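Asker: whatever this is, show me its structure:
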Amino acid sequence: MSRHRSSALLFALLAPVCALAQETAVRPAEPVTGAVTPTAPALQGAEVPVASTVAVTAARSSNRIDRQAYDVKSDAASTNDTVADTLNKVPSVAVDADGNVTLRGRSNVQILVDGKPSAMMQGENRAAALGAIPAADLDSVEVINNPGAQFGNEGGGGPIINLVMRRERTPGGFGAVNANVGPEGRANASSFGSYTTGRMSVQGGVYVRRDTRGSDGETNRDRIDPLTGAVASSTQRSSSETDTEAVGMNSSLTYNLGDKDVLSAKASFSANGSDGQSQERYRGLNADGSIDGDYLRSSVRDNDNRSYSLSGGLDHKGARPGEILKLDLRLSGNKGEADTRFASDYTVRPANSTAPRTHQNNLTETRVIDFTGDYELPGEKGVFKAGYKVAQNSNVFDTRFFNVDEATLAESLSNQRTNRFELDETTVALYGTYQLRLAEKWGLLGGLRTEYTDLDLNQVTTNVKANNHYFDAIPSAFLTYDLSDDTALRLSYAHRIRRPGAGDLNPFVVYRDETNVSSGNPDLMPTKTDSIELGLETKLGKVETNVRLYARRDSDLIQERRTFISDTVLLTTRENAGSSNSGGMEFTFSGRVTPSLTVNASGNLGYSEQSVLGNSQDDKRSATSLSGRARVSYQINPTNSLQLVLNAQGKTLFGEGYRQPTRSADLSYRRNLSQALSLVVNVNDVFDSQKTESITETDRLREYSIRRQEGRLVYVGLSYRFGSFGGAGGRRPDGPRGGPGGGPGFGPPGGGMGPGG
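Answerer: This is a model prediction of the structure:
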């Protein structure tokens, strides 16, 4: 994707928004007749009421019976950040440099978009999407640690992070344009516009991002002979530089057919392209100290990733008060292609090494069709909900590997390293929940979900086909007790499963480099999880306070196991192995210390224990870690403000080892040049501290790996708002506001989500 082409596309995409700016700047908002109303949030009725306004003082409305919600618009850096940056500020959520997401140290996290699964948030596609979508497109982030019966098990089956996209319904038209520039050609821009008149509401946004990131790393590996104890060692040092460009758009239309029916349609598209170069220096020694490999390998990468999503919905109000039926049909897809050329300069050539020049092409395709129906009927004593889901998820993995003749540059296909794998997954689910008031202060929500899953696996290259299917019953329960008007206790339990992903099931051995290969396991079964949580929500003076105790047990864990398949090549595969237990305390505090100073802080003190893979003693490994985030906002005067965000992630375990703690800090300055125009300066990773350290310890392998990211970056940008943004309590369409609530950097949310299929 050329820079000239992306710049021209940005101009074309912004033109309609600029035209809307000129129109709305001179025309007053029309009165609304039969106006479209926002979609009713899930779990309304007998539960804790959700405020209909966006006043930042109403922080209690951000938490509901089954989730916590965080208003990301209150973060001053949202005009420059990506979704990945924003998630790193949500309590107990972490996103690493590779786009891997964890919640309370757990990696089996589902990410939904407006309460529904999307192809761009599954598998290897997710990292690219999180690193490209601007945070300005978000309305709020919802964290559901114990998902209820209305939520399926796609994409991990564990806790859920729901990205609630912006959906404005203010009468008239308004919008915002954000643009930022950084060093070495880094830049990003995004726009958002909304127009509501009569029965119809339309909105949309576009974005473009250009980024350059460098990294370097080192891996020290010891291969241990289990019989003699002899150790063969190797060292691998690497450096890389990657240029990335991304463009995207989203749009939605809502039309009120009358008093009882509302039609909606949404469409989105994104394209990401990256070009990169890297070098790796490898040196390996045998147990006697002799050299068994010494070479320098260079690679050139060209990656392209495209995603789309289309959806249509109908909301129908029944004859009884509060009765509603929702139908939703969604189609989403993703196609990613990674093309890499390798050149190796051998000083000492290892056994079984590849040709000096090679070429690898990886193609992945994902398509999701999702049809859901949800019915809600309030009664005298409670609220009954039921729904269904029919979904099909299709995946294709196509890997081609070529040896290149050094003299003629002719390519010959390597059959041993070429493979095509297809996976079709069909899911049918039914759920039912009932929510009632047991007494004046007691509330109960119980539910049961049943799912049938059918898997068809096709190893096209070897003409091997397989089928697997299973049935699951998934119960959940939520109990609330109101101690006072501003204090509540919440107890929840959920049983979940984590299905293996398409990449986990592909048995083909995929070549990564001279010393590392990987494969999946078609015999994997789902991981089973039982979790319980007790939370206290209260107000200490002016400080909103949430404290949660939680415990979780996972069995039949899907874990990575690494074994040597030759003297120098390490195979990483997956298997159901062992179990894990974890628990801890999570807390958030938010409030104004002085009229000018707002502090939002969160932390998680966690304990985890799990089986150690690759250990003949069947040992357990445990870790106690403290993670925390803090946001300090200072209003210097009515036009100038500062924000400091601190982030620390504690030690985390994986099957054969652990990762060391990490920490970072971000600084933002905002100056309102006028009512409509603001200057924003963002400093990412102030102390240049981004690094990832992993340690592996088994009977046959000891490994230390460190990876450092290019850290401190300074962005300078402008945020411009236009149209009728003075209504609705003075809400600005770009969103950043001061005020307590919701967690570090975030106030109460502006919207909710529907049932999660």
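Asker: all strands in the stretch 651-757 of the chain, in order from the N-terminus.
Answerer: In order along the chain, the stretch 651-757 of the chain carries the following strands (DSSP state E, counting those that start in this stretch): 652-654, 657-659, 662-672, 677-684, 691-697, 701-709, 713-723.
Asker: typo on my end, the stretch 401-550 of the chain
Answerer: Assigned by DSSP E, counting those that start in this stretch, the stretch 401-550 of the chain shows strands spanning 411-413, 419-437, 442-459, 464-484, 487-498, 510-513, 516-518, 527-540, 543-555.
Asker: of all the ones you listed, which lies closest to L363?
Answerer: Distances from L363 to each of the strands of the stretch 401-550 of the chain were compared using C-beta to C-beta; the shortest belongs to strand 419-437, at 8.9 Å. Every residue, glycine included, has its C-beta placed from N, CA and C.
Asker: can you list the strands that the closest one pairs with?
Answerer: In its sheet, strand 419-437 lies beside strand 382-404 (antiparallel), strand 442-459 (antiparallel), with partners assigned from DSSP bridges.
Asker: any buried residues in stretch 179-186, and which?
Answerer: Neighbour-count burial for stretch 179-186 flags A179, N180, V181, G182, R186 (criterion: 16 or more other C-beta atoms under 10 Å).
Asker: can you classify the first one by secondary structure?
Answerer: Same thing as A179. When the structure is split into helix, strand and coil by DSSP: H, G, I helix; E, B strand; the rest coil, A179 lands in strand.
Asker: what sits against it?
Answerer: Residues touching A179, when contacts are defined by C-beta atoms under 8 Å, 6 or more residues apart in numbering, comprise A187, N188, A189, G717, L718.
Asker: let's see if you can find the most crowded of those residues.
Answerer: Of all those, the highest neighbour tally under other C-beta atoms under 10 Å goes to N188, namely 24 neighbours.
Asker: within the helices and strands, which one has the nearest residue to that residue once chain neighbours are set aside?
Answerer: Taking C-beta to C-beta, 6 or more residues apart in numbering, and ignoring the residues beside it in sequence, N188 has R209 as its nearest neighbour in space, at 4.1 Å. R209 belongs to strand 200-224 when assigned by DSSP states H and E.
Asker: one more: I111?
Answerer: Under the criterion DSSP H and E, the helix or strand holding I111 is strand 110-113.
Asker: and that strand, what does it pack onto?
Answerer: strand 160-165 (3 or more C-beta pairs under 8 Å, 6 or more residues apart in numbering; DSSP states H and E).
Asker: tell me the average confidence for the strand it packs on?
Answerer: Here the mean pLDDT over strand 160-165 is 86, rounded to a whole number.
Asker: please name the nearest non-neighbouring residue to S270.
Answerer: G248 (3.4 Å).
Asker: quick one, what contacts N581?
Answerer: Counting by C-beta under 8 Å, 6+ apart, N581 touches A551, R552, R553, D554, S608, E609, Q610.
Asker: secondary structure element holding it?
Answerer: Here N581 is covered by strand 579-592, with elements defined by DSSP H and E.
Asker: between the strands of the stretch 651-757 of the chain, which one is closest to R417.
Answerer: Counting by C-beta to C-beta, R417 lies closest to strand 701-709 out of the strands of the stretch 651-757 of the chain; the figure is 23.6 Å.
Asker: strand 662-672 and the closest one, what's the angle between them?
Answerer: 10 degrees (axes from the mean of the first three to the mean of the last three C-alpha atoms, to 10 degrees).
Asker: buried sites along strand 701-709?
Answerer: The neighbour-count criterion (16+ other C-beta under 10 Å) identifies L701, R702, E703, Y704, S705, R707, R708, Q709 as the buried residues of strand 701-709.
Asker: against which helices or strands is it packed?
Answerer: Using 3+ C-beta pairs under 8 Å, 6+ apart as the test, strand 701-709 ends up in contact with strand 200-224, strand 691-697.
Asker: pick the most buried one from the ones you listed.
Answerer: Burial of the helices and strands packed on strand 701-709 is given as mean neighbour count (mean count of other C-beta atoms under 10 Å); strand 200-224 ranks first at a mean of 20.
Asker: measure the residue located most distally from the centre of the chain to V464 for me?
Answerer: Residue distances from the centre of the chain (C-alpha atoms, centre = their mean) peak at D288, which lies 46.7 Å from the mean C-alpha position. Counting by C-beta to C-beta, to the nearest Å, the gap from D288 to V464 is 42 Å.
Asker: just S531 next, same as before
Answerer: Counting by C-beta to C-beta, the separation of S531 from V464 is 37 Å.
Asker: in what helix or strand does N250 lie?
Answerer: Mapping N250 onto the secondary structure by DSSP H and E places it in strand 231-256.
Asker: ok so, going back, quick one: closest of the strands paired with strand 419-437 to N415.
Answerer: From these, taking C-beta to C-beta, the stretch that ends up closest is strand 382-404, at 8.9 Å.
Asker: now the strands for the stretch 251-400 of the chain?
Answerer: Along the stretch 251-400 of the chain, the stretches classed as strands by DSSP E, counting those that start in this stretch are 261-285, 291-317, 324-348, 357-378, 382-404.
Asker: tell me the mean pLDDT for the fourth one?
Answerer: When the per-residue pLDDT values of strand 357-378 are averaged, the result is 94.
Asker: quick check: buried residues in it?
Answerer: For strand 357-378, a neighbour-count test (16+ other C-beta under 10 Å) marks 357-362, 364-370, 372-378 as buried.
Asker: for the second one, same thing?
Answerer: Applying a neighbour-count criterion of 16+ other C-beta under 10 Å, the buried positions in strand 291-317 are 292-295, 297, 299, 301, 303, 305-309, 311, 313, 315, 317.
Asker: now the third one
Answerer: The neighbour-count check on strand 324-348 (16+ other C-beta under 10 Å) flags 324-326, 328, 330, 332-338, 340-342, 344 as buried.
Asker: list the strands paired with that strand, with their directions.
Answerer: When pairing is defined by DSSP bridges, strand 324-348 lines up against strand 291-317 (antiparallel), strand 357-378 (antiparallel).
Asker: quick check: mean pLDDT of that strand?
Answerer: 94.
Asker: so it versus strand 261-285, what angle?
Answerer: Strand 324-348 and strand 261-285 are oriented at 20 degrees to each other (the same axes, to 10 degrees).
Asker: cool, the longest one as well?
Answerer: Between strand 291-317 and strand 261-285, the angle comes out at 170 degrees (the same axes, to 10 degrees).
Asker: how far does strand 291-317 sit from its chain's centre?
Answerer: Using C-alpha atoms, centre = their mean, to the nearest Å, the mean C-alpha position of strand 291-317 is found 14 Å from that of the whole chain.
Asker: run through the stretch 1-150 of the chain and note the low-pLDDT ranges.
Answerer: With pLDDT under 70 as the threshold, the stretch 1-150 of the chain has low-confidence stretches at 1-65, 74, 96-99, 105, 119, 123-125, 128.
Asker: looking at the strands paired with strand 419-437, which is closest to N419?
Answerer: With C-beta to C-beta as the yardstick, what comes closest out of the strands paired with strand 419-437 is strand 382-404 (5.0 Å).
Asker: if we can go back for a sec, any idea how far A230 is from the residue farthest from the centre of the chain?
Answerer: According to C-beta to C-beta, D288 stands 8 Å off from A230.
Asker: please name the residues that touch R330.
Answerer: Counting by C-beta under 8 Å, 6+ apart, R330 makes contact with K116, S118, S309, L310, S311, V368, I369, D370, F371.
Asker: show me the one of the helices and strands packed on strand 701-709 that comes nearest L138.
Answerer: Ranking those by their distance to L138 (criterion: C-beta to C-beta) puts strand 200-224 first, at 10.7 Å.
Asker: packing partners of that closest one?
Answerer: Here strand 200-224 is seen to pack against helix 3-26, strand 187-197, strand 231-256, strand 701-709 when contacts are counted using 3+ C-beta pairs under 8 Å, 6+ apart.
Asker: distance of the residue lying closest to G583 once chain neighbours are set aside from R631?
Answerer: Distance criterion C-beta to C-beta, 6+ apart; nearest residue to G583, sequence neighbours excluded, is A551 at 4.0 Å. Counting by C-beta to C-beta, the separation of A551 from R631 is 28 Å.
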